[in-house]
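*Asks:* here's my sequence, what's the structure:
(chains A, B, C and D)
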Number of protein chains: 2
Amino acid sequence: MADRPYHHGDLRRELLRQAAGMIEEVGPARVSLRELARRAGVSHAAPAHHFGDKTGLLTAIATEGFHLLADQLTEALKGTGDFLEVGVAYVEFAVTHRAHFEVMFRPDLYEPDDADVRAARQRSTTALQSGISAASPEATGPDARTASLAAWSMVHGFASLWITGALPTSLGSDAAAAARQVAGVLTLGPRGTGRHSAQRTDDERAAAPR
Amino acid sequence: MADRPYHHGDLRRELLRQAAGMIEEVGPARVSLRELARRAGVSHAAPAHHFGDKTGLLTAIATEGFHLLADQLTEALKGTGDFLEVGVAYVEFAVTHRAHFEVMFRPDLYEPDDADVRAARQRSTTALQSGISAASPEATGPDARTASLAAWSMVHGFASLWITGALPTSLGSDAAAAARQVAGVLTLGPRGTGRHSAQRTDDERAAAPR
DNA sequence: GGTCAAATCTAGCCATCGTCAAGTTCTCGG
DNA sequence: CCGAGAACTTGACGATGGCTAGATTTGACC
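*Replies:* The predicted structure follows:
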């Protein structure tokens, strides 16, 4: 078993990588530190050294996830300034980082009051909210808050349903395109800046980037 | 241990009840047949007799959940004919039957191709869809489908976020009222029949039934 | 070149769980 | 009233997993 050098170099990162893959396969609850160690090719006690216990591992994953989400959202906002694209980025994140996404919104599995995870979560919520307020700058106060929650609910719901496979297969396999189409139904603000309903249903998906 | 009679009467129903409570406490993945038996006051092998294994138990819960959801949706549709209330009913179901809801949308935990659960799921999806098409009867074809998915995504997302405690506490504790407010942002169809945005934010919540 | 702390391993304890096999008690149709 | 089968129990086995303790290696720094 001395193929690998004693010091892995960056075992922590490798463990997080393997854990993500494992979660995608068997779900966040069925991860075991021993199996994780097996996959990483280290002893069964090594993970505990880095994360303490299973809760610690999932807390680390959630933290990483919130940071990744925040990055992706702010980048989408910078690029287009359009809320729609921020929503699409949300869905895209959920699909490409399914493991993280699943953990992030299951606070019973990790330590939601951990300082790091709190900060990371804060980052992503402000990113999302600024994306929404950019879409309807006129709206303020409770009106804006409600619109914000509606938009968040929609993209979050779409992402969840997509991941669990609950959506009809007729939507195709491109989650981002489908999300763009569905989220376009939502018109934000007194005069919606989002696109109206769906004149352009199928050609839009065909013309969608990627 | 001979307090209870040998035959429980309707142990299967009782086990489902206890399982729901257990899931609400520890999550669907951490349920154990033994602990379930303990709570029901029966021997540790009794649950296996009824459900075979854990997958069987969760399949039964999912089936029950889809039936309950279908009932609740059709009743809401009958009562008001308004889509908004169907959406609110969706959220209300998720909150009052959190355990069922959590299982239903985690198909990796049960047997999603089971005949019973398929039929039950079919019931609830048609109920939801007929509620949405009732809101915008003019829309047909892909337009209607997109609107339907948007509405579903929104109420599903709101319910999920509410359940996981991700939503701001300022929303209060009445999920149905909050859902009614948020879902009102979504205007369906070419001329939305849903209420517009949120003029009435706080007074609506105060005046909301229940 | 020696020392020290962090990183990793080996070994083992204990709890829990799923499942099987075989026994016991109830119910109900004939 | 009786026999068959369903409903439940008891007991035990093997697997898995979390966690701890103590040894061992390694890189870094003086």
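*Asks:* contacts only, for the residue sitting nearest the centre point of chain A.
*Replies:* The centroid of chain A falls nearest to residue A:94 when counting by CA atoms, centre = their mean (3.7 Å). Listed by CB atoms under 8 Å, 6 or more residues apart in numbering or on different chains, the contact set of residue A:94 reads A:101, A:159-160, A:162-163. Every residue, glycine included, has its C-beta placed from N, CA and C.
*Asks:* quick check, the residue in chain A closest to chain B?
*Replies:* Nearest residue of chain A to chain B, counting by CB to the nearest CB: residue A:157, 2.5 Å away.
*Asks:* list the residues that contact the closest residue to that residue other than its chain neighbours.
*Replies:* In space, and not counting its chain neighbours, residue A:157 is closest to residue B:157: 2.5 Å by CB to CB, 6 or more residues apart in numbering or on different chains. Residues in contact with residue B:157 (CB under 8 Å, 6+ apart) are A:152-160.
*Asks:* what's the burial count for residue A:169?
*Replies:* Residues within reach of residue A:169, counting by other CB atoms under 10 Å in any protein chain shown, total 7.
*Asks:* let me see the backbone angles for it.
*Replies:* Backbone dihedrals for residue A:169, given as degrees, to the nearest 10, come out at phi -70, psi -20.
*Asks:* re the thing from before, do you know the pLDDT at the residue nearest to the centre of chain A?
*Replies:* Note on residue A:94: pLDDT of 98.
*Asks:* how about residue A:153?
*Replies:* For residue A:153, the pLDDT comes out at 97.
*Asks:* which other helices and strands contact the longest helix anywhere in chain A?
*Replies:* Longest helix of chain A, by residue count under DSSP state H: helix A:54-80. Helix A:54-80 is packed against helix A:11-26, helix A:33-40, helix A:46-51, helix A:83-96, helix A:98-104, helix A:115-135, with contacts defined by 3 or more CB pairs under 8 Å, 6 or more residues apart in numbering or on different chains; DSSP states H and E.
*Asks:* before we move on, the earlier item: mind listing which of the contacts of residue B:157 are in helices?
*Replies:* Judged by DSSP H, helices contain the following of the contacts of residue B:157: A:152-160.
*Asks:* most neighbours of all these, which one?
*Replies:* Highest neighbour count within those: residue A:154, with 32 neighbours (other CB under 10 Å).
*Asks:* surely it touches residue B:150?
*Replies:* Yes - shown here, residue A:154 and residue B:150 form a contact pair, counting by CB atoms under 8 Å, at 6.4 Å.
*Asks:* what sits in contact with each of these two?
*Replies:* A:182-183, A:186, B:186.
*Asks:* how many other residues sit next to residue A:172?
*Replies:* When neighbours are counted by other CB under 10 Å, residue A:172 registers 10.
*Asks:* separation between it and residue B:148?
*Replies:* 16 Å (CB to CB, to the nearest Å).
*Asks:* ok, the closest residue to DNA strand D within chain A - contacts?
*Replies:* Distances between chain A and DNA strand D by CB to the nearest atom of the strand are smallest at residue A:53, namely 2.7 Å. Counting by CB under 8 Å, 6+ apart, residue A:53 makes contact with residue A:33.
*Asks:* residue contacts, residue A:59?
*Replies:* By CB under 8 Å, 6+ apart, the residues touching residue A:59 are A:51, A:110-111, A:114, A:116-117.
*Asks:* of those - the most surrounded one?
*Replies:* The most neighbours of any of those, using other CB under 10 Å, belong to residue A:117, which has 24 neighbours.
*Asks:* give me every residue that touches the closest residue in space to that residue that isn't next to it in sequence.
*Replies:* Distance criterion CB to CB, 6+ apart; nearest residue to residue A:117, sequence neighbours excluded, is residue A:63 at 4.5 Å. Residues in contact with residue A:63 (CB under 8 Å, 6+ apart) are A:114, A:116-117, A:120.
*Asks:* check those one by one and keep those near DNA strand C.
*Replies:* By CB under 7 Å from any atom of the strand, no member of the contacts of residue A:63 lies near DNA strand C.
*Asks:* output these in a markdown table, with pLDDT appended to each entry.
*Replies:* As requested, the contacts of residue A:63 are exported to a markdown table (pLDDT from 0 to 100):
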| residue | pLDDT |
| --- | --- |
| A:114 | 91 |
| A:116 | 93 |
| A:117 | 95 |
| A:120 | 96 |
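*Asks:* how about those residues in a markdown table, adding distance to residue B:88?
*Replies:* Listed next are those as a markdown table, based on distance: CB to CB, whole Å:
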| residue | distance to residue B:88 |
| --- | --- |
| A:114 | 34 |
| A:116 | 37 |
| A:117 | 32 |
| A:120 | 32 |
